[in-house]
Structure formats: C-alpha cells, structure tokens
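[1] Just to be clear, the model below is a prediction. Sequence and coordinates:
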Amino acid sequence: MRLSALAFGTAALAPLSKAACIRDMADSCCAVLENAGLKVLRPGTEAYTARDESYFSVSAQLSPYCIVQPTSAAEVALAVTTLKNSTCNWAVRGGGHMTWAGASNIDEGVTIDMGLIKQVEYSAETKVASVGAGALWRDVYAALEPFGVTAPGGRTSTVGVAGFLTGGGNNFFSSEVGLGCDNVVNFEVVDVVELWGGQVCYDPLCKDNSWPTHLRVGRL
C-alpha cells in the first residue's frame, strides 16, 4: 500500500512540475528580449490580447510566451541574435492572414511580430515603393493612391505583404505583369542562416546570394 501511495503521489506532482518548467521558460524567453531593450507584450495585457486576436483565422490564434514587436530591420536582427543563445522556439508574423496554426504564430515560444514595421514610401522618380514587412496591402494601396498608381498585390486588402510575396502573389494584374514576387526590386534581409548571425543585408549583397531566388519562389 505504501508503494501504491508513493506512485500516486509522484504522478500527481508531475503535471505541476511541467507547468512550473513552462512558466520558467516563458519568463526566461521574454525577459531576455526585454533586457535587450525590445518591446515585449506579455500574456494578460490588453496589447497582447489585441495582437493575438487580430489574426485573420481563429485557428491561427495560438498562445506564445510573449510577442516581441521590432520597429526596424536592426531590431529584428537584435531579436534573432538575442534568441539564438536560448532554447526558445520562435515564429515570425507578417500580416497574420494564413488560416492554419503555426503559419505565423507559436505555442510555447516567442512570436516576432512585424506589425510595427509597416511603413510605405513611394518614389515618383524611380516608381518603386518601399514597404515594411508588417504592412497589409490596404496600407500599400492607401499610400499609393495619391500618386495615381497601384501595385500587383493582394486581391483582399487584409492580406499581408510578406506572406503574399513569398507565396508567389497572384493578383488582379497577373496576366500583364506576372506574379507579385516577379515585381520585387529588392529585399532587405535579416540572414538567420549564417550561424544565426542576424545580419541585415540587401539581397544582391547578402553572403548567400541565393536569397533573391528563395524569397521570390517561397522557398525559405
């Protein structure tokens, strides 16, 4: 009877130990990002809930340990290099329009949310628009409208620019200009492949010069 009671007691404690480990891991993953000076949204805050509920599909609403929101490519690189020495899993969110869980969110990990990198700048001289990785196509269309131009982007305005282009990008003008990815002039890349270095480069200058091809055909 004593052995049975001991076995029962051990089994009852196991879930508590796992929960404690998850809490410790979550706090460690999020604290290291906060200590790096990055904007981190923690569960239980209105900002965290608002971002987690802003996915296009309910099935994509997972529960990351926290959400980190970089404001520039340099801060994306900082987030990557900060996480590289940890045991934290992470995912990246562009527009959050995919319908399946895991496309741009994660359970028991950190979501790097590009939502604050959504600037759109247009040069009438070069006829090229520079678009942030967190922009939605509605942001792009609104910024281009005053110039009387548009772009071969998403046929639904809530689609994210990043996922649309890395997935090819079927658009209303495909018969005239090809896929959206065919119209990309350049990418600003945070290279996480080279020893998780998190270097920022423009694709013709990247050490791995296959980046342009991979990004244009969705082979990340």
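    Done, it's in.

[2] pLDDT weak spots in this structure?
    1-20, 22, 191-220 (pLDDT under 70).

[3] domains of it?
    Residue ranges for the domains of the chain, per automatic domain parsing: 2-116, 118-185, 186-220.

[4] need those domains in TSV with mean neighbour count, can you?
    For glycine as for every other residue, the C-beta is placed from the backbone atoms N, C-alpha and C. TSV is the format used below for the domains of the chain (neighbours: other C-beta atoms under 10 Å):
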stretch	mean neighbour count
domain 2-116	16
domain 118-185	17
domain 186-220	15
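
[5] The protein: strands as residue ranges?
    Applying DSSP state E to the chain gives strands spanning 40-41, 66-68, 90-93, 110-113, 120-123, 128-131, 188-191, 199-202.

[6] Now render those as TSV, adding distance to Ala79.
    Compiled in TSV, the strands of the chain are given as follows (distance: least, C-beta to C-beta, whole Å):
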stretch	distance to Ala79
strand 40-41	10
strand 66-68	5
strand 90-93	8
strand 110-113	5
strand 120-123	22
strand 128-131	20
strand 188-191	9
strand 199-202	12
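
[7] residue boundaries of the helices in the protein?
    2-35, 46-52, 73-84, 137-144, 161-166, 174-177, 211-216 (DSSP state H).

[8] between the strands of the chain, which gets nearest to Asp52?
    Checking the strands of the chain against Asp52 by C-beta to C-beta gives strand 66-68 as the closest, at 7.2 Å.

[9] hmm, who's touching the closest one?
    Strand 66-68 has contacts (C-beta atoms under 8 Å, 6 or more residues apart in numbering) with 26, 29-30, 33, 38-43, 48, 51-52, 79, 110-113.
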